[in-house]
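Undergrad: Requesting a structural model of the entry that follows:
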Amino acid sequence: MIDLSLAIIGGTGVYSLAQLEDAEAHQPVTAYGPPSGPIRVGTLSGKRVAFLARHGEGHSLPPHKINYRANLAALKALGATKVLAINTVGGITEAFGPRVLACPDQLIDYTWGRVSTLSEEPGSEVLHVDFGDPYTLSLRERVLSAAGRAGVTVVGRGCYGATQGPRLETKAEIARMKRDGCDLVGMTGMPEAGLARELGLDYACLAIVANWAAGAGPNPDEVITFEDVLAHVAAASAHLPALVAALLAEAA
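TA: Prediction:
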């Protein structure tokens, strides 16, 4: 087990952590199978950090095929206690346009058919975890504090709606999600957050808004392209190193 200060899970467009020094690859086998790919463990700002590309380093795994249980169990096995999840999302409401960074505080799960609990197998413990606040408050506060010290603007609220994917949503689906109170839409927020709670991991989401969701924004008929998504993610991701460095500089 490694003394990790932080584990980071990268989403679409965030497949590596270039600032990670002396990185070594780990791929522990878990009771739930292998993780999405190698977990890169190295040093960043003098602290030990683990990084895992959620979709695989070549983006080979669609959202519904990710082994979320193995990913989180592998990070915990390596010594992680705090997980910062980077999620690429669409913006639904006014404050969440492309290239915005957000640290949501609520979550609605629209996914289906995914293995979403450690209580799946016969004989496993039945876990009724408190999930009223799906993201760990103390870690969210640290992320927002670090962003302030690093001069990085992060919207410190928002409701993340997790959809099944891999297709994008219809305008009607986004309209329904807006009525439900969602500000952001993504495909990987669940079951990851719920599993982190079952595993006793502190967990927070840093969402990168890559596009307006279907029918949202100033041009409701805009066609979303993957090229535009990656361009927005690249621009917003430029702020991540400073934010993470500031987060690591804070006492655990």
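
Undergrad: buried ones in the longest helix along the chain?
TA: Longest helix in the chain, counting residues (DSSP state H): helix 137-150. Neighbour counts using 16 or more other CB atoms under 10 Å place 139-140, 142-144, 146-147, 150 of helix 137-150 among the buried residues. For glycine as for every other residue, the C-beta is placed from the backbone atoms N, C-alpha and C.

Undergrad: ranges for the strands of the stretch 151-252 of the chain?
TA: Ranges of strands within the stretch 151-252 of the chain are 159-162, 184-186, 202-212, based on DSSP state E, counting those that start in this stretch.

Undergrad: With mean pLDDT added, can I get those strands in CSV?
TA: As requested, the strands of the stretch 151-252 of the chain are exported to CSV (pLDDT from 0 to 100):
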stretch, mean pLDDT
strand 159-162, 98
strand 184-186, 98
strand 202-212, 96
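
Undergrad: Of those strands, which is nearest Gln19?
TA: Nearest of the strands of the stretch 151-252 of the chain to Gln19, taken as CB to CB: strand 202-212 at 15.5 Å.

Undergrad: What number of residues are in the vicinity of the closest residue to Lys47 other than its chain neighbours?
TA: Closest residue in space to Lys47, ignoring its immediate chain neighbours: Ser5 at 3.9 Å, by CB to CB, 6 or more residues apart in numbering. Neighbourhood size, Ser5 [other CB atoms under 10 Å]: 21.

Undergrad: got a list of what Ser5 touches?
TA: Contacts for Ser5 (CB atoms under 8 Å, 6 or more residues apart in numbering) come out as 47-49, 82, 248, 252.

Undergrad: Got a ChimeraX select line for the buried ones in those?
TA: Buried members of the contacts of Ser5, defined by 16+ other CB under 10 Å, are picked up in ChimeraX with:
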select :47,48,49,82,248
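
Undergrad: from what I can see Arg157 touches Phe96, true?
TA: No. Arg157 is beyond contact range of Phe96, at 10.0 Å (criterion: CB atoms under 8 Å).

Undergrad: More neighbours: those two, which one.
TA: Neighbours per residue, other CB under 10 Å: of Arg157 and Phe96, the larger number sits with Phe96, 25 against 14.

Undergrad: per-residue confidence at the more buried one?
TA: You'll see Phe96 listed with a pLDDT of 97.

Undergrad: What of the one 4 residues further on?
TA: If you check Val100, the pLDDT there is 97.

Undergrad: Got phi/psi on it?
TA: The phi and psi values for Val100, taken as degrees, to the nearest 10, are phi -80, psi 140.

Undergrad: Contact partners for it?
TA: Applying CB under 8 Å, 6+ apart, we find Val100 in contact with 91, 153, 155, 209, 236.

Undergrad: try it again with 7 Å
TA: For Val100, the contacting residues are 91, 155, 209, by CB atoms under 7 Å, 6 or more residues apart in numbering.

Undergrad: what do you get for Gln106?
TA: Applying CB under 7 Å, 6+ apart, one finds that Gln106 lies in contact with 134, 159.

Undergrad: How about the backbone phi and psi for it?
TA: Torsion angles at Gln106 (phi, psi; degrees, to the nearest 10) stand at phi -140, psi 170.

Undergrad: Is it bridged to anything, and to what?
TA: Gln106 has these beta-bridge partners by DSSP bridges: Cys159.

Undergrad: ok, back up a step: from the contacts of Ser5, pick the one nearest Pro28.
TA: Closest to Pro28, out of all of the contacts of Ser5 and judged by CB to CB, is Arg48, at 15.8 Å.

Undergrad: quick one: which helix or strand includes that closest one?
TA: Element membership for Arg48, per DSSP states H and E: strand 47-53.

Undergrad: now do Gly42
TA: Assigned by DSSP H and E, Gly42 falls within strand 39-44.

Undergrad: how about CSV for the strands of the stretch 151-252 of the chain, with mean neighbour count and distance to Ile224 added?
TA: Listed next are the strands of the stretch 151-252 of the chain as CSV, based on neighbours: other CB atoms under 10 Å; distance: least, CB to CB, whole Å:
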stretch, mean neighbour count, distance to Ile224
strand 159-162, 26, 16
strand 184-186, 29, 11
strand 202-212, 26, 5
